[in-house]
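[1] Here is the input, now give the coordinates:
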Amino acid sequence: MYDQRLVAGGAAMALIGVMALGMLLAGPRVAAGGLAALARQQLGRDVSVKGGVHLGFSPLSVRLEDAVLSGPTPDDDSFVTARTAVVPVTLGQLFGAVGSPPEVALTEPEFALVVNERGEANWDFPGRALSGPLRLRLEQGRFRYFDARNSQHMELAHVDGVLDLTPDGGASFSGTAVINSRLVRIDGELKSLARINAGGSPVELALAADDGTASFSGRLSTAEVLSLAGPVSLASASPVAGLRILGLALPESLVLPGPLAIDGALDGGGRAFAIRNATLTAGDFRATGELGADLRNARPKLQANIAADQLWLDGFVPASGAKGGDWGRLPLPFALLKSVDAEAAIDARSLSYGGVTARRSRLGVALTDGKLEVNGAAQLDDGGSLGFTAKADANPVPPSVGLNVNANATDAQPLLASLAGVNQVTGTGSFAADLTATGATQEELAGTLKGTASIDFVNGRIAGLNLTGIILASKHKILEGWPAAAPDGTAFTKLAGEATVADGIASFRGLTIEGAAASYMLEGLVDVLRQAIAISATGTANGQPLLPVAVIAKGPWAAPRIYPDVPNILSNPEGGFTRLQDIAPQEGN
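    Okay, the predicted model is just below:
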């Protein structure tokens, strides 16, 4: 009797084991079928599993391998695919009970957000709604957007975070993604998925990365094209890095004044964005107006129409590696001209470059296909006027640059100091130059410089340089370098001349310096590349020559050798000065 009960108990235990095994084998498929039915009921979409279906115990869940949520019709692409989808279930759901899961964990999900040729969005579920809130936990997800009406497309990759969906069609996300090679923290909230493709849905969005932050509050719509409208704020301690997050392929080596801050009203359609009533701050530079970025093409285009209180141009001149007495050998950033297009109009109440300051000024910037042209017009502080055109073309090898400057009725000293490095000349008048050069470095540009230049100044002084004293001193000895600075310098009533530049060498004839006590005539060469001079000068006082022969200044322009133009005087100074005395025996002749 006892043996019979033991056998019966053993059979019952075996039956329970078989039933449990059956539940373990069949339960996941039953639960998966229930989830598929739930998706069909609530969303009108089909769920399919191309891989296996497995049961998890901690917590109790079903893992679907290669899971797919279909598009609106069988002909449409899949709406969501995932390498794995882990759905928590109850014991009842293992046996077919229907119930909405509170959350689903998706590994490597891909969301294909598509608007077809008829303007229908595949994320729209007409007449359908979730029965309760649903949380999607995303690991290494990807969102792809494509509009078949205009071929607009964009992508967000490496998405990790939590996407919450509500029965009324709202959505919110908190997590990270990789945007233009930067890890970005994203927090966003959308009022209604269904309204995006209609009149638009309110949206709040905040982005934060090591390089900067951005926030937007407004409306998102795809009714005609993906567009955003509403207040926006951008900030970055490193302007170049911050702009790279927005998709501008700027080189990391580029340095722009910072920090950068932009606030205004965003109006963006497709990949073209405009910020109206913008306030722009970049370091000490502040401006207001309209900004734009067109990212539809391979080369982005920046646009600006702004007004500024003050504009400093020095910060936009690239570092060249120049040292004292030497030209720079660092490659200049011509490649930047090929990475972005630009069109800008800038009105400034004050403009400065080097020692030149101007009142109301206007700059026009055009950069297209690697060719830059900057046009400027300014009313100078001293009452004069300045106009210039600067060009650079990064397409030829080597690159080429050009500068045309025309200044009138202006102070000589700050203008010549900033444009030519000449600090000693004061006076009032005009300066003009039309120069071109080719090369990838400052040194190469200096050696290929060509063009013309002219000056015409009145009532000024050449500080620290007494030309009469130099000419008279050279009557008795060869001067090694410029004499000590003369406190009174050389006063003039007129300083005028023209030069022709070729292969980095400026040649001039008839450069006149007229003064109340003496006048001078200069001609010769200035080697820009080697920073050397070979100049001949004659001087007169009271109608008489200061010296019967010209005086030569030859060698490095910082310290040339100065001597009278007498044959063989350098090889035989004593004989040379004797001949000079024979020519002019009387002191002062």
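[2] ok, Tyr528 - how many residues close by?
    If you look again at residue 528, you'll see it is Val, not Tyr. 21 (other Cβ atoms under 10 Å). Using the backbone N, CA and C atoms, a C-beta is placed for each residue, glycine as well.
[3] and it, how far is that from Val401?
    To Val401, Val528 is 14 Å away according to Cβ to Cβ, to the nearest Å.
[4] swap in Ile505?
    Counting by Cβ to Cβ, the gap from Ile505 to Val401 is 18 Å.
[5] any weak-confidence spans in the stretch 401-550 of the chain?
    Within the stretch 401-550 of the chain, no stretch has pLDDT under 70.
[6] Likewise for the chain?
    Within the chain, the stretches with pLDDT under 70 are 1-35, 92-100, 244-257, 584-589.
[7] Which parts of it are helices?
    2-43, 91-94, 193-196, 239-245, 336-339, 412-420, 442-447, 467-473, 573-583 (DSSP state H).
[8] Packing partners of the third one?
    The criterion is 3 or more Cβ pairs under 8 Å, 6 or more residues apart in numbering; DSSP states H and E, and the helices and strands that helix 193-196 contacts are strand 201-209.
[9] Any idea what Arg561 is bridged to?
    Following DSSP bridges, Arg561 is listed with bridge partners Glu480, Lys554.
[10] residues in contact with it?
    Ile478, Leu479, Glu480, Gly481, Ala553, Lys554, Gly555, Leu570 (Cβ atoms under 8 Å, 6 or more residues apart in numbering).
[11] just checking, Lys50 touches Thr81?
    No. Counting by Cβ atoms under 8 Å, Lys50 does not reach Thr81; the two are 9.0 Å apart.
[12] now what about stretch 346-361, what contacts it?
    Against stretch 346-361 from outside (Cβ under 8 Å, 6+ apart): 287, 304, 306-314, 362-365, 376-381, 386, 413-415, 417-419.
[13] Ok, stretch 117-127 next?
    Stretch 117-127 has contacts (Cβ under 8 Å, 6+ apart) with 43-45, 71-72, 76-77, 79, 112-116, 148-149, 193-194, 196-197, 222-223.
[14] And it, end to end?
    One end of stretch 117-127 sits 22 Å from the other (Cα to Cα, to the nearest Å).
[15] chain center to the longest strand anywhere in the chain: distance?
    Looking across the chain with DSSP state E, the single longest strand is strand 486-502. Relative to the chain's own centre, strand 486-502 is displaced by 41 Å; criterion: Cα atoms, centre = their mean, to the nearest Å.
[16] Buried residues in that strand, which are they?
    Using 16 or more other Cβ atoms under 10 Å as the burial criterion, the residues of strand 486-502 that qualify are Ala486, Gly489, Thr490, Ala491, Phe492, Lys494, Leu495, Ala496, Gly497, Ala499, Val501.
[17] Then stretch 104-119?
    Neighbour-count burial for stretch 104-119 flags Val104, Ala105, Leu106, Thr107, Pro109, Glu110, Phe111, Ala112, Leu113, Val114, Val115, Asn116 (criterion: 16+ other Cβ under 10 Å).
[18] need the contact list for the second one.
    Read it as Ala105. Contact partners of Ala105, counting by Cβ under 8 Å, 6+ apart, are Thr84, Ala85, Val86, Leu136, Arg137, Glu139.
[19] Can you tell me which of those residues are buried?
    Among the contacts of Ala105, those scoring as buried are Thr84, Ala85, Val86, Leu136, Arg137, Glu139 (criterion: 16+ other Cβ under 10 Å).
[20] The closest residue to the fifth one other than its chain neighbours pairs with what?
    I take that to be Arg137. Among residues not flanking Arg137 along the chain, Ala105 sits closest, at 4.3 Å (Cβ to Cβ, 6 or more residues apart in numbering). Assessed by DSSP bridges, Ala105 has beta-bridge partners Val86, Arg137.
[21] In CSV, list the buried ones among the contacts of Ala105 along with distance to Gly354.
    Shown next, in CSV, are the buried ones among the contacts of Ala105 (distance: Cβ to Cβ, whole Å):
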residue, distance to Gly354
Thr84, 64
Ala85, 65
Val86, 66
Leu136, 59
Arg137, 59
Glu139, 56
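[22] Please identify which of those is nearest to Ser233.
    Leu136 (28.7 Å; Cβ to Cβ).
[23] residue contacts, the closest residue in space to that closest one that isn't next to it in sequence?
    Nearest residue to Leu136, sequence neighbours excluded (Cβ to Cβ, 6+ apart): Leu163, at 4.3 Å. Leu163 makes contact with Arg135, Leu136, Leu138, Ala171, Ser172, Phe173, Gly175, according to Cβ under 8 Å, 6+ apart.
[24] do you know how far Phe285 is from Leu243?
    15 Å.
[25] Ok, Arg144 next?
    Distance, Arg144 to Leu243, by Cβ to Cβ: 24 Å.
[26] who's more crowded, those two?
    Taking other Cβ under 10 Å, Arg144 and Leu243 do not tie; Leu243 has more neighbours (24 against 15).
[27] can you redo the contacts of Arg561 as TSV with neighbour count and distance to Trp123?
    Below are the contacts of Arg561 laid out as TSV (neighbours: other Cβ atoms under 10 Å; distance: Cβ to Cβ, whole Å):
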residue	neighbour count	distance to Trp123
Ile478	16	89
Leu479	17	85
Glu480	11	84
Gly481	13	80
Ala553	21	80
Lys554	16	80
Gly555	15	78
Leu570	13	88
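[28] could these go into JSON lines alongside distance to Thr436?
    Below are those laid out as JSON lines (distance: Cβ to Cβ, whole Å):
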{"residue": "Ile478", "distance to Thr436": "38"}
{"residue": "Leu479", "distance to Thr436": "36"}
{"residue": "Glu480", "distance to Thr436": "36"}
{"residue": "Gly481", "distance to Thr436": "33"}
{"residue": "Ala553", "distance to Thr436": "28"}
{"residue": "Lys554", "distance to Thr436": "28"}
{"residue": "Gly555", "distance to Thr436": "28"}
{"residue": "Leu570", "distance to Thr436": "36"}
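[29] Nearest to Arg128 among these?
    Nearest to Arg128, judged by Cβ to Cβ, of those is Gly555 at 89.1 Å.
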